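K.L.:
how would this look folded up:
(3 chains)
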Amino acid sequence: MSDRETVLGRIRGALRDVPRSETPDDVPVPREYARARLPSGTGAAGALTGLLAENLADYRAVVHRTGEDGLPLLLCRLLATRGSATVLVPPGLPPHWLKAADPVRVHDRAASTARELDSVDSVVTGCAVAIAETGTIVLDGGPGQGRRRITLIPDHHICVVRAPGQVVASVPEALERLAPARPLTWISGPSATSDIELDRVEGVHGPRTLEVVLVEDPAPEGGGAG
Amino acid sequence: MRVALFVTCVTDTLYPGTGRATLAVLERLGVEVDFPLAQSCCGQPQFNTGYRRETEPLVRRFAEVFRGYDHIVTPSGSCAAMVRENHPRIAARAFGGRRADEVAGAASRTYELSEFLVDVLGVTDVGAYYPHTVTYHPTCHGLRTLGLGDRPRRLLENVRGLELVELPGARECCGFGGTFAVKNAAVSAAMGADKARGIEGTGAEAVCAVDNSCLMHIGGTLARRGSAVRPVHLAEILASTDGGTATDGTAGGTAGGTREAAR
Amino acid sequence: MSGGTFLGMPAFPEAAAAAVRDTRLRGNLRHATGTIRAKRARAVAELPDWAGLRAAGAAIKDRTLRHLDHYLERLEEAVTAAGGTVHWAADAAEANRIVTQLVRATGESEVVKVKSMATQEIGLNQALEAAGIRAYETDLAELIVQLGDDLPSHILVPAIHRNRGEIRDIFRSEMGRWGRPAPEDLSEEPAELAEAARLHLREKFLRAKVGISGANFMVAETGTLVVVESEGNGRMCLTLPETLISVVGIEKVVPTWRDLEVFLQLLPRSSTAERMNPYTSMWTGAADAEGADGPRDFHLVLLDNGRTDALADTVGRQALRCIRCSACLNVCPVYERAGGHAYGSAYPGPIGAILTPQLRGTVTELDASLPYASSLCGACYEVCPVAIDIPQVLVHLRERVVEGGEATVRGRRTTIRPARGHAAERAAMRAARWVFEHPAALRAGQRLASRTRRLHPRRLPGPGRAWTASRELPEVPAESFRDWWLRERGNGSGGRKGREDQTDQTGQAEQTERAGRAEGGGDR
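P.N.:
Numbers count the residues shown, from 1 in each chain, chains lettered A, B, ... in the order given. Have a look, this model is predicted:
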């Protein structure tokens, strides 16, 4: 008998107390928890973005807020302040984002090795969704985000989030927007560890500096910015 | 209202003053209390050590002895928790049927003293007087299984003359744990020592709890450390009045309570 | 069958007693658990619907466990459809054999590892070493343990027993033997220690061809695996190598993608007391092209190793809900003083005390002592994000130890015998039960104790020494409550049920009453 049959057989033997007629859905799962603790929607957009900024900063991400027009100059300034000579550019990143930036652009190609990526100073990406309640950005490898490794090996990651469009309130709302088949990376602040005396220290293997740029679209009519 | 006192084997044998104090408080509040002599032990020591089969007759006995009473009151959080939480489970598995129903019924009518005073009688001021500084240790089964919450504290806060001081790390177990105290004596003693240090640090004259078993461990640890802090059961504080104690007067009757072991 | 490293350890009470005497260890543990306890409480208090999340988490796990075969088959289908390969391992030996063969097939002789409880449980590193394959642990705490030739003592922070000074010393003396040495002037600042680990491990990540991981969750519906971490070492191991092998316990499956919304809220707050941990990776199957995102070869090894035995126990089954957050360790007063090593398994603390005896059985003295490694204070149950009633399972397993009975061992229903070494205790419990069934005898005993109370020693010999070594004995009163009541109130009016031995076992009761009278008679 294969181990597969052994294990499945043991499971069925172990579950003799479960009536044969019972289906998984017969086991009740109460969902008495909030979909979100802040209301989403146009009116609440400002509050959501504010909470996102607050929670990102609480875990030592550096947060910047700008409008669409100010983005290229802001990115130029952030890279210059960092002193980056090279910046990784994922496929599909809107070209105008980096039009003012000085560093040499390094395009991520399938053939790029991990060692090559290790020599790049910074990476600029977009994201798929951002979660206000937890201060999390999620990348799904879509346009402007690239392979998972490019936001891992360089020591400096700038992530651009469109608000309110990409901002959701909660983890449940984020999962609804994400496609499970895509490789996903959830990022909440820079790399950290609690392994020394259970106290949090920022900066281990991932980027030690995470900067998040919240690009706020003009408020739609009737919608307050909070 | 037919009320029975379940005094518990530990209090019966080692701390009869707590039993008399419980009786005194209830009678002062106009409750007529009966003490069924056929009572003994809730079976907690056996059950918690793994001897379920030895527990079963005691579970059955409890329900029989206290049949017909509206309320069963006990000066012990852990014994009340044993009866309420575990008796129905044990009976359902061992007996089933009517006998299990009877056990579940007795369990649902069982109250720890502070619960009975606050929830059933609706009283938080029992007219007690106890001019001492006291710190309160919430024992684990009262705290977590019964959910006593602030009931004991509310009773203490209404005792005239009593100054209640906070116990740091109050919610942490004192390390008694029944047979744990001897099976894992080193860890139990370390927990007890930390608890004792916390109690001593409050500057209180007495440490109060709703369980004599935990107080036996805490008091024994304090005494071995040469500490002057007295262990005192909640019932004994509540029974004290400015006329001394309101119990039968046989136990010395100082405001320090009727606790014999504290001498 | 266990991680070989823990073999031959003494029973819990002896190991714990040694730990209690280690003042540095106690200081380290007190500091670390104290820090995290307060933080966890704050992180949980932020969510007003925590109780609802907890109930949902428990229910989702129960649903999964009651239909585990169904969900594992769905998972297998989904992972296979996404280009992964699924292997099944009934025990540790089989899992180790599968992984060793998979690594050998790549031609590599070293692997990088993400911290994984399952691989610790099966002793994978030792098995790989025996096959000439070096496994590098990349989690900071696991690195500390590996460099220090030490054993893990905590689920989340395996090196919790080490303080910063000890970590600095280990890095300075050992890093050079494994790769890039630590800087000469390394201080004990946590940030500097983290930097040293970053530099030491980076060269290993960049050249790694094979990664080995566990997983926090596996989604049956989609075939997605989830790894929750903080440092980025997980991301390195999961994305850079060409081959990824994940060894995961069968109980880690959850039914649907949506179910993650519960666990991704429960886990970080319970574990590191964060709203969200720094990095969570989710992947489904293997990358479909060279240079695409992630490993081209993905192998999932589904591990039983005793889990189905726990599943067969309707009380013990709930231990399989565990999401390895370690909140129960951090809050446990026994763990804080005994340390993790005393539990003799990859799973220390309260959850280990109920998991290890179910995975390994209660045959050894150590495993039989684990259910007793608790004062039953219930703090673990209170903080458990999936509501495992740990005290209930502890008592249940104590019953298995002292009374024996039906249990499933390696898939077979077996009647196990009571563990040895409990004969005296069993006799005492039986005698106590008999006395409690015959209150006249109880009263006689109380009177005897009262009459002789001035003769009682302050320190007891034999087993009683365990009490009197640190505590005074209570003084026996002159009169029990029962006697007082009989004297004061007992004359006719006292007690509607005046007879002590009134039970339905009439014959036996009458006998005892006579015995009681005879013994107690001398008093009157």
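
K.L.:
check which residues of the longest helix seen in chain A are buried.
P.N.:
Scanning chain A for the helix with the most residues, using DSSP state H, yields helix A:45-58. Under the neighbour-count criterion of 16 or more other C-beta atoms under 10 Å in any protein chain shown, helix A:45-58 has A:45-53, A:55-56 buried. For every residue, glycine as well, the C-beta is placed using N, CA and C.

K.L.:
does residue 145 count as helix, strand or coil?
P.N.:
I'll assume chain A. Secondary structure assignment for residue A:145 (DSSP: H, G, I helix; E, B strand; the rest coil): coil.

K.L.:
that's the other chain; I wanted chain C
P.N.:
When classified by three-state DSSP, residue C:145 comes out as helix.

K.L.:
so who does it touch?
P.N.:
Listed by C-beta atoms under 8 Å, 6 or more residues apart in numbering or on different chains, the contact set of residue C:145 reads C:137, C:151-152, C:158-159.

K.L.:
quick one: which two of these are the most distant?
P.N.:
Using C-beta to C-beta, those span at most 12.6 Å, a distance reached by C:137 and C:151.

K.L.:
neighbour count winner among those two?
P.N.:
residue C:137 (26 against 19; other C-beta atoms under 10 Å in any protein chain shown).

K.L.:
list the contacts for the more buried one?
P.N.:
With C-beta under 8 Å, 6+ apart, residue C:137 has these contacts: C:113, C:115, C:125, C:143, C:145-146.

K.L.:
can I assume residue C:288 is in contact with residue C:294?
P.N.:
No - applying C-beta atoms under 8 Å, one finds residue C:288 not in contact with residue C:294, separated by 9.8 Å.

K.L.:
now for these two: what residues contact both?
P.N.:
Joint contacts of residue C:288 and residue C:294 (C-beta under 8 Å, 6+ apart) do not exist.

K.L.:
for the residue nearest the centre of chain B, which non-adjacent residue is closest in space?
P.N.:
Residue closest to the mean C-alpha point of chain B, counted by C-alpha atoms, centre = their mean, is residue B:76 at 2.4 Å. Nearest residue to residue B:76 in three dimensions, chain neighbours excluded: residue B:8, at 4.8 Å (C-beta to C-beta, 6 or more residues apart in numbering or on different chains).

K.L.:
please report phi then psi for that neighbour.
P.N.:
phi 80, psi 150 (degrees, to the nearest 10).

K.L.:
contacting residues around it?
P.N.:
B:41-42, B:74-76, B:79, B:212.

K.L.:
which of these fall within strands?
P.N.:
residue B:74 (DSSP state E).

K.L.:
now, which of the contacts of residue B:8 sits nearest residue C:478?
P.N.:
residue B:212 (17.1 Å).

K.L.:
is it true that the closest one touches residue B:233?
P.N.:
Yes - using C-beta under 8 Å, residue B:212 is in contact with residue B:233, at 5.8 Å.

K.L.:
overlap in contacts, the two.
P.N.:
B:15, B:18, B:75.

K.L.:
out of those, which end up buried?
P.N.:
Buried members of the shared contacts of residue B:212 and residue B:233, scored by 16+ other C-beta under 10 Å, are B:15, B:18, B:75.

K.L.:
what count of nearby residues applies to the residue nearest to the first one when sequence neighbours are not counted?
P.N.:
Pointing back at residue B:15 there. In this structure, residue B:15 finds its nearest non-sequential neighbour in residue B:212, 4.7 Å apart by C-beta to C-beta, 6+ apart. Residues near residue B:212, counting by other C-beta under 10 Å, number 31.

K.L.:
relative to residue B:219, how far out is residue B:212?
P.N.:
9 Å (C-beta to C-beta, to the nearest Å).

K.L.:
can you map out the helices along the stretch 1-150 of chain B?
P.N.:
B:9-14, B:16-28, B:44-49, B:52-65, B:77-81, B:87-94, B:97-108, B:113-115, B:140 (DSSP state H, counting those that start in this stretch).
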